[in-house]
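Trainee: pasting the sequence and the predicted model now:
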Amino acid sequence: MKILGILGAHRQNGLTAQMLTTVLNSVPAPHTTETIYLEDYDFYPDQVGQRDPVLDQLTDKLLESDVWVLAAPTYWGGLAGEMKDFLDCMRGRLVRFDHKGGTHPDRFKNKHYLSITSCYAGTFENFTSGITDNSFRTIDKVMSAAGLIKINELVLPGTLFMKQIPAAKSSECKRAGSKLITKPKRDDSTLKRYIELFCMVAVMAFLTMGIQFLFHLISASEFWAVYASFVLIFFVLLAGILHFFTVVKHRRR
């Protein structure tokens with residue numbers, strides 16, 4: 001198995017690069033690794049009737065690899081420009097287009113990927129405001145369109161005055177690297193999410209109706225019947241709304 005690291009950053013030895021290197025160095029033998037530093041490649045989008053030779057070279061490397069590790073810092077709340085430019089230029093190669101302009105997975109389908117990013121914002125700020133969310137969403141959107149399966153994601157916040165990645169984060173990268181060879185067979189966790197949603201609805205309904213029971217708004221004799229019917233009806237309605245806005249609505253565009 002071959003693991004390909006793709007680094008889209010201004011510095012080849014920066015903190016994002018250190019995370020990528022740590023991940024790749026943790027891949028056990030006899031599996032092999034290679035790193036692409038995008039700044040070393042002068043690529044441009046394909047033109048009509050003329051394919052970019054540098055993109056041809058990069059495409060071959062992508063095809064030869066089983067797992068991609070995409071690493072790029074987060075600037076201004078979004079993915080670093082070099083990585084974004086690479087994904088934009090590769091658009092016509094990552095997917096195929098139908099006659100309506102819709103995208104479909106092509107030759108990279110069922111490969112796997114891990115994404116890495118970093119940001120100046122501290123841990124708490126990133127946790128509460130999601131500074132790095134857009135970077136991961138950009139990568140996930142492109143990889144999902146290309147049919148790749150996500151393995152994991154790693155983030156390093158608070159990098160403003162940092163010189164080396166902390167020991168705890170280094171250990172996390174090592175664990176992620178050692179697991180790259182045990183790729184998940186599929187990335188469809190829809191059933192798991194619906195089960196989690198049902199449990200959340202059940203807990204919140206129980207707490208709400210428990211409060212109503214304490215204030216004598218619901219009698220003990222009807223509590224469980226009302227509770228069960230409320231959970232089921234609320235779950236079906238909420239699941240239907242979420243499915244419409246996350247799947248059906250987007251499919252219509």
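Mentor: Cool, got the structure.

Trainee: hmm, who's touching the helix ranked longest in the chain?
Mentor: When the chain is parsed with DSSP state H, its longest helix is helix 190-214. By C-beta atoms under 8 Å, 6 or more residues apart in numbering, the surrounding residues in contact with helix 190-214 are 218, 220, 223, 226-227, 230-231, 234-235, 238-239, 242. No exception for glycine: its C-beta is placed from N, CA and C like everyone else's.

Trainee: of all those, which two lie farthest apart?
Mentor: 220 and 242 (33.1 Å; C-beta to C-beta).

Trainee: what about those two, which has more around it?
Mentor: Neighbours were counted for residue 220 and for residue 242 using other C-beta atoms under 10 Å; residue 242 has more, 13 against 8.

Trainee: so which bits of the longest helix of the chain are buried?
Mentor: Residues 198, 201-202, 205, 209, 213 are the ones in helix 190-214 that count as buried (16 or more other C-beta atoms under 10 Å).

Trainee: and stretch 131-138, by the same measure?
Mentor: 131-132, 135-136, 138.

Trainee: dump these into TSV; add pLDDT, secondary structure and distance to residue 76 as well.
Mentor: Below are the buried residues of stretch 131-138 laid out as TSV (pLDDT from 0 to 100; DSSP: H, G, I helix; E, B strand; the rest coil; distance: C-beta to C-beta, whole Å):
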residue	pLDDT	secondary structure	distance to residue 76
131	92	coil	10
132	94	coil	12
135	94	helix	10
136	94	helix	15
138	95	helix	13
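
Trainee: same list, these, but as a markdown table with distance to residue 22 please.
Mentor: Supplementary listing: the buried residues of stretch 131-138 in a markdown table, determined by distance: C-beta to C-beta, whole Å:
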| residue | distance to residue 22 |
| --- | --- |
| 131 | 22 |
| 132 | 18 |
| 135 | 19 |
| 136 | 19 |
| 138 | 23 |
